[in-house]
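[1] here's my sequence, what's the structure:
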Amino acid sequence: MAVEGVDGGGKTTVAALLAQYCGERGLLCTFSHEPTGLINGRRLRESAKAGRLSPQDELDLFLKDRADHAERAIRPTLAAGGAVILDRYYWSSAAYQGARGIDPFQILADNEAFAPRPDLVILLDVPPQSGLGRVRVRGDVPDEFERVSALNRAREIFLEMHERSGGASVCINASAPLRDVHAAALRHFRAAAEALIRERETDPETAAAALAVFDA
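    Numbers count the residues shown, from 1 in each chain. Next up is the predicted model:
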């Protein structure tokens with residue numbers, strides 16, 4: 001599952017909340033983020049402070065970072081039957097590099113050729129001006145990924161991906177009170193997890209035992 005949206009929408013907090021929810025119920029869960037702390041992810045973070053790379057070079061680094069991430073963390077957790085909760089994933093590449101002129105839906109296709117698809121994308125939608133205000137309030141300085149004009153275009157792409165997702169994503173108004181945002185994210189996460197259990201567990205007793213975890 002991936003939590004997506006422009007900066008300042010509360011992605012990290014929501015992703016951490018869902019990971020904590022799993023941990024408290026004894027569920028195997030990997031909580032991670034992109035860019036990662038691996039070599040290509042570090043290069044991307046450095047470029048955000050020192051001056052962005054060309055759109056294609058930036059995208060190439062994201063693809064390399066994601067391939068490493070999938071190999072080292074995402075696939076092993078999924079193979080073990082666990083949940084993966086991501087603070088940003090390939091929708092962010094499509095939105096941010098799409099805002100720089102690359103076809104966002106080609107970016108989606110390129111990523112989905114090798115990266116595991118999330119069972120649910122939670123899109124936290126917030127106007128960029130509001131989001132940047134939150135970034136400044138928490139003491140951070142917006143970096144090169146966080147320019148209002150580019151963020152407006154990225155937001156448009158996020159919303160278009162949601163509209164085209166065929167029910168694989170939910171959009172939450174991240175301008176709402178925090179308690180409401182968190183409650184909505186948890187509700188959608190539980191619904192997606194329960195639907196997956198019912199779909200994959202053919203034995204009624206096993207399914208009932210797995211579903212009972214969410215009532216704890």
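[2] from here on, just use CA atoms for contacts and neighbour counts.
    OK.
[3] which residues does the lengthiest helix in the chain contact?
    The residue-count maximum for a helix in the chain (DSSP state H) belongs to helix 178-200. Applying C-alpha atoms under 8 Å, 6 or more residues apart in numbering, the contact partners of helix 178-200 are 14, 17-18, 119-120, 122, 170, 172-174, 207, 210-211, 214.
[4] swap the cut-off to 7 Å and go again
    Residues from elsewhere that reach helix 178-200 (C-alpha atoms under 7 Å, 6 or more residues apart in numbering): 14, 18, 120, 172, 174, 207, 211.
[5] ramachandran angles for the second one?
    The phi and psi torsions at L18 (degrees, to the nearest 10) take the values phi -70, psi -40.
[6] same thing with the first one?
    Dihedral pair for V14: phi -70, psi -40, per degrees, to the nearest 10.
[7] show me what contacts it?
    Counted by C-alpha under 7 Å, 6+ apart, V14 has contacts H182.
[8] cool, and the last one?
    Residues touching L211, when contacts are defined by C-alpha under 7 Å, 6+ apart, comprise E194.
[9] what helix or strand is it on?
    Assigned by DSSP states H and E, L211 belongs to helix 204-212.
[10] tilt between that helix and helix 178-200?
    Taking axes from the mean of the first three to the mean of the last three C-alpha atoms, to 10 degrees, one finds helix 204-212 and helix 178-200 inclined to each other by 170 degrees.
[11] low pLDDT regions in this protein?
    Filtered on pLDDT under 70, the chain yields the residue ranges 131, 133-146, 216.
[12] what ranges does it have for its helices?
    Counting by DSSP H, the helices of the chain are 11-24, 39-50, 55-69, 75-79, 90-98, 104-112, 128-137, 148-164, 178-200, 204-212.
[13] which residues touch the third one?
    What that stands for is helix 55-69. With C-alpha under 7 Å, 6+ apart as the test, helix 55-69 has contacts from 35-36, 40-41, 97, 100, 115.
[14] can you redo the residues you listed as TSV with neighbour count?
    Listed next are the contacts of helix 55-69 as TSV, based on neighbours: other C-alpha atoms under 10 Å:
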residue	neighbour count
P35	23
T36	18
N40	20
G41	22
Q97	23
R100	16
A115	21
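[15] closest to T202 out of the residues you listed?
    Of all the contacts of helix 55-69, A115 has the smallest distance to T202: 26.9 Å, by C-alpha to C-alpha.
[16] thought E71 was touching the closest one, still the case?
    No - in this structure, A115 is not within contact of E71 by C-alpha atoms under 7 Å, at 9.1 Å.
[17] need the helices of the chain in JSON lines (columns: distance to T30).
    Listed next are the helices of the chain as JSON lines, based on distance: least, C-alpha to C-alpha, whole Å:
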{"stretch": "helix 11-24", "distance to T30": "8"}
{"stretch": "helix 39-50", "distance to T30": "18"}
{"stretch": "helix 55-69", "distance to T30": "12"}
{"stretch": "helix 75-79", "distance to T30": "7"}
{"stretch": "helix 90-98", "distance to T30": "17"}
{"stretch": "helix 104-112", "distance to T30": "20"}
{"stretch": "helix 128-137", "distance to T30": "26"}
{"stretch": "helix 148-164", "distance to T30": "24"}
{"stretch": "helix 178-200", "distance to T30": "15"}
{"stretch": "helix 204-212", "distance to T30": "18"}
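[18] so which of those gets nearest F31?
    Nearest of the helices of the chain to F31, taken as C-alpha to C-alpha: helix 11-24 at 6.1 Å.
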